Structure formats: structure tokens, C-alpha cells
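In: no FASTA, just this:
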Ligand SMILES: NC(=O)C1=CN([C@@H]2O[C@H](COP(=O)(O)OP(=O)(O)OC[C@H]3O[C@@H](n4cnc5c(N)ncnc54)[C@H](OP(=O)(O)O)[C@@H]3O)[C@@H](O)[C@H]2O)[C@H](O)CC1
Ligand SMILES: [K+]
């Protein structure tokens, strides 16, 4: 699903009004009716007080229409107009008049007003600012936002939490609503998924308001949300008359004394993701451990006892995944650098492989094109330098990806795969996966997919999604804390099956 910027949504708005020959006021009515239906389906007339805080633009206008509909259906409501500007929108004014005609008199709040009482039992509807926010809220509006955040009431934000801009980090994080739930119109917003801004959104849901489908389909976006519908077409089915040679031979290179488990996890994940053959390349000390733990995996050893000192293969692998547990010793770094120079096919580089690159930036130019790099935030910082906020981080990664022609997987709650100017935001995964070895499993999975012929970008997007799904299945069986990297591996098969599961048929009515 595409993630549109604020200005693109405004264009979609205009295109809808023009093509569907409706007025902006009708579009507002449509949007607010969707809000109302969502709320009414859940509250079903429950006796609870809804306090609607409405700005003076179209987000506030949505709030006013919602207030009228709630009132017409017998809900107890209190409407506050947050009078932050004289420039009231046309549709706000129209709906203010309609509210008054329905004998509903909002309280007008300004910089001299006392903060209105909000009980933890109230439901707050936050319609102060929408996607039109373009500067920091001033102090009294900020204080009102903090008051709502401190109220412990359930806060339902219309379109986007007020004070949170659509395409950047908030100027003042205290002046942004921390929404319990966001009902957002038509398309998800990027800020819902970034570590710094996602904290303002506990849960979100899309409301389809029928924006111009042609505009939405034909407009290119910088970011895409990756769910099942996006991943399913990437799947490469296995053929009946195929054999293991059709699915590639991957080599997993890594490990050092005390860190052989990382290679074991990656190799296991690589095989479980469908690679035809997997060979682990480890220092001598890792030979027995891997041979014992993974009978299906072949093992090649380096001359070094405890660390990798020279990397060479007696055959040409389909793909190499490298870096987990490998350490950053100078000898290993030299071996790694020599391998980079000799490789032409895309590789997968993780963990200490990335740390070696950060320590020896001259090696960056030798990374084979279309390789996949899988840094966690600290490794990423070592690689691209620090950033002032999540948006700067994204633009630095895009520049890095473009410059070296590599795919970068920014690991996090919503892992983002970046290739050149485009980012793919993952939707699976959970906090239980923040555990030792989880990254080694991901590297193994991406390598395993590339071995089978998935392109680097597809392997990264698909692998990240599947890894998260395997973790979600694991958590559903054992909870967050007990989830281990090996649990993720044992659920890779279930994740494939869940992905490929046919949607359940509608129950047939009996005659
Ligand atoms: N296509 C859709 O999805 C639809 C969305 N709708 C709703 O409309 C809002 C967007 O409404 P808009 O009027 O463009 O903007 P806001 O309501 O967010 O803000 C109103 C104006 O406030 C000014 N502004 C911005 N930041 C500040 C600030 N910090 N302090 C004071 N004033 C501020 C700004 O105007 P300026 O000219 O002063 O810059 C804003 O324009 C969307 O979120 C939906 O809720 C439609 O109802 C249906 C279609
Ligand atoms: K809002």
C-alpha cells in the first residue's frame, strides 16, 4: 500500500472533488460519516461523554460534522472549538452554522481560557490539527494538548494526532497528541511507522473515503507499506520437476571463538527459507558445533583456530551471507576486504561485516552492486554517520543506497528496506523479536531467498516480512519474553504457510 505525503493527499483531495463532481463540503460529510459509523458500531449508544476538540480548519470541520451526527444519535457530547487562528476554513464555518442550527453551542477556547475538565472516563475526539499542520502549535494550544495527554482519557484522533506533522518530526514532542487510536483517511501516513513519531500512535486504522482511485493508483510515492498483498506476488513457487540444484548454494561466513552460534542460526534460517544447499564457513573452532547441530549444513573451515583469517571457497556459491559473529580483528577485516574485491555477485552483509566496513570505509566501493546490508540502528550510525531525526536518517540511507547501489535494511519495530529513493515499510514483527540472534536469522533468511533466485530487493522485502511473521506466530504461542531466535527459525515454515493460506471461503447459507 502506498504511503502518500501530505501534499499528495491534498492533490488526491482536489482530484476527487473534480472527477467525482462533489463539493469539498460533501467530501467532509463523507469522511465524518465514516468516523461516526466506526464509533457508533463500537459504542452502540453507550452512556459515555465524548469531548470533541475541533480546530478551525478542515480537521476541525470533520470534528464538527462528527459532533452533529453523534448528537443526532443521542450521544452525550461536548464540543470545544480550539480557536488557534482567525483563518477559519469555509467548510469549518459551514458546519459550525449547522451545529448551531441543531442547537449545539460549542465552547470557544483561546489563550485566555481555562483548561476544560477531562475525566479518565471521557472519550476525547482529537480534531484540532490534521495534515494541514505546518508549524509548531503555540503555547496555549500546546498546553491544551498536554492537558489531553495527561487526562488518561481514551483519545481518538481524526486523521492524525494533532501536533504531529505528516512528513516530519514534531517541533515540540510535548505538543503532540498521544493517540490511543487514530482513524486516518484513505492512506497510512509515514510518521505512524518511524521510531520517533510512531510513539504518538498506539493503534491506527484506515477509513476509506473514496478518494480518486486513478490518482492513488498512478501517483508514485517515496514509501510503501508492505503487508500480505504486497509480499504474496513476490513469492517464487517451487516447481514439481526441480531438484536442490535449482535453489542455489548459499555460503554463510562468520563466527569466532564463543560466537559460532550466530553462524549456526543464520545457516539454519537460510536452509529453512528454502536454499537448496547451505555451507557454513567458520574458523576451526566452529567445525564440530555446526556439524553436530545442523546435519543438513556442510561446513568449510578457515585456517584460523579462533577467528577467520582467509576466505576462499572450492566452488562458486550462488550467494554469500557474511558478518555474524565474525569480529573486527584486523586479520579478519583483511580477509573480508579481499573477499569483497573478489566477489561480483550480490552478497548479504550483517553485524561485524558492517562494523568492519565502518572502520575501513575504503572497502565500501568494493561491495558488489545490489548487495543487501542489514544494520541495526547503531551499525547504521557507524556506517552513515549520525542524524538529527528519523527523516534525516532516511535521506542519508537513500543517499548511501544510491551511491553504492546497495539495498539497506534499517532494522527496527517497522523495519524499512531502502533501495535508492524508495523505502518499503514492513508491518510484521513484535517486541519479542528484540532478542539475541534475531538479526542472524534475518540475514540467513535473506541469503536463503537470494540463493533461490529472488532479486536482492525482493529477498530483503520478502525476508523481512517473513521473519516478522515467523516471530508473530512464535509470540502467539509463547509470549514476548520467551521468544528466542531459534523459535523464529522453527516458525519460518508456518510463516510461509500463513502467507500462502487461501482466504477462508464465505460460509454457505443452507437452504
Ligand atoms: N483528503 C482528505 O484526506 C480529506 C481530509 N479532510 C480533513 O482535512 C484535514 C486537513 O485540513 P486543512 O484545513 O488543510 O488543515 P488543518 O485542519 O490541519 O489545519 C488548518 C490550518 O491551520 C493552519 N495551521 C497549521 N499549523 C498551524 C499552527 N501550528 N498553528 C496555527 N495554525 C496552523 C494552516 O493554515 P495557514 O494558512 O495558517 O498556514 C492550516 O491550513 C485533514 O487532516 C482531514 O481531517 C477532509 O475533511 C476530507 C478530505
Ligand atoms: K487530529
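Out: It's in. A quick note: this is a predicted structure, and the numbers were derived from the prediction, not measured. Ligands and ions are numbered 1, 2, ... in the order given.
In: Residues contacting the helix or strand residue 263 falls within, please?
Out: Taking DSSP states H and E as the criterion, residue 263 maps to helix 261-272. By C-beta atoms under 8 Å, 6 or more residues apart in numbering, the surrounding residues in contact with helix 261-272 are 250, 252-255, 278, 280, 282, 286, 289-290, 293-294, 296-297, 321, 324-325, 350-351, 437, 440-445, 447-448, 451, 485-486, 488-489, 492-493. Placement of C-beta: from N, CA and C, glycine included.
In: Now, those residues that are in strands?
Out: Per DSSP state E, strands hold the following members of those: 250, 252-253, 278, 280, 282, 321.
In: In the helix holding residue 263, which residues are buried?
Out: Neighbour-count burial for helix 261-272, with 16 or more other C-beta atoms under 10 Å as criterion, is recorded at 261-272.
In: Can you name the residues of the protein that neighbour ligand 2?
Out: 126, 157-158, 162 (C-beta under 5 Å from the ion).
In: so which of these also contact ligand 1?
Out: residue 158 (C-beta under 6 Å from any ligand atom).
In: For the protein, which residue gets nearest to ligand 2?
Out: Evaluated by C-beta to the ion, the chain has residue 162 as its residue closest to ligand 2, separated by 4.2 Å.
In: Counting neighbours, what do you get for that residue?
Out: Other residues lying near residue 162 total 29 when counted by other C-beta atoms under 10 Å.
In: What of residue 232?
Out: 12.
In: so what's the residue of the chain closest to ligand 2 up against?
Out: Going by C-beta under 8 Å, 6+ apart, residue 162 touches 53, 55, 59, 126-130, 133, 137, 145, 176-177.
In: Excluding covalently adjacent residues, which one is nearest to it?
Out: Of all residues beyond its chain neighbours, the one nearest residue 162 is residue 128 (3.7 Å), with distances taken as C-beta to C-beta, 6 or more residues apart in numbering.
In: Next one: the one you found from residue 81, what distance?
Out: Distance, residue 128 to residue 81, using C-beta to C-beta, to the nearest Å: 10 Å.
In: Looking at those two, which one has more neighbours?
Out: A count of neighbours by other C-beta under 10 Å puts residue 128 above the other of residue 128 and residue 81, at 31 against 23.
In: which SS class is residue 205?
Out: In three-state terms, and counting by DSSP: H, G, I helix; E, B strand; the rest coil, residue 205 is strand.
In: how far away is it from ligand 1?
Out: From residue 205 across to ligand 1, the span is 14 Å (C-beta to the nearest ligand atom, to the nearest Å).
In: Count the neighbours of the spatially closest residue to that residue that is not a sequence neighbour for me.
Out: Leaving out its chain neighbours, the residue that sits closest to residue 205 by C-beta to C-beta, 6+ apart is residue 183, at 5.8 Å. If you count neighbours by other C-beta under 10 Å, residue 183 ends up with 22.
In: picking up where we left off before, could I have the buried ones of the contacts of helix 261-272 as ChimeraX selection syntax?
Out: ChimeraX command restricting those to the buried ones, with burial defined by 16+ other C-beta under 10 Å:
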select :250,252,253,254,255,278,280,282,286,289,290,294,297,321,324,325,350,351,437,440,441,442,443,444,445,447,448,451,485,486,488,489,492
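In: ok but residue 462 is inside a helix, no?
Out: Yes. Read with three-state DSSP, residue 462 is one of the residues of a helix.
In: nearest residue to residue 102 other than its sequence neighbours?
Out: residue 68 (5.7 Å).
In: The helix holding residue 263 to strand 249-253, inter-axis angle?
Out: Relative orientation of helix 261-272 versus strand 249-253 (axes from the mean of the first three to the mean of the last three C-alpha atoms, to 10 degrees): 170 degrees.
In: Give the rounded mean pLDDT of helix 261-272.
Out: The pLDDT scores in helix 261-272 average 98.
In: Tell me the spacing between the residue most central in space within the chain and ligand 1.
Out: Centroid-nearest residue in the chain, with C-alpha atoms, centre = their mean: residue 414, separated by 3.1 Å. Residue 414 sits 22 Å away from ligand 1, taking C-beta to the nearest ligand atom as the criterion.
In: No further queries at this time; thank you.
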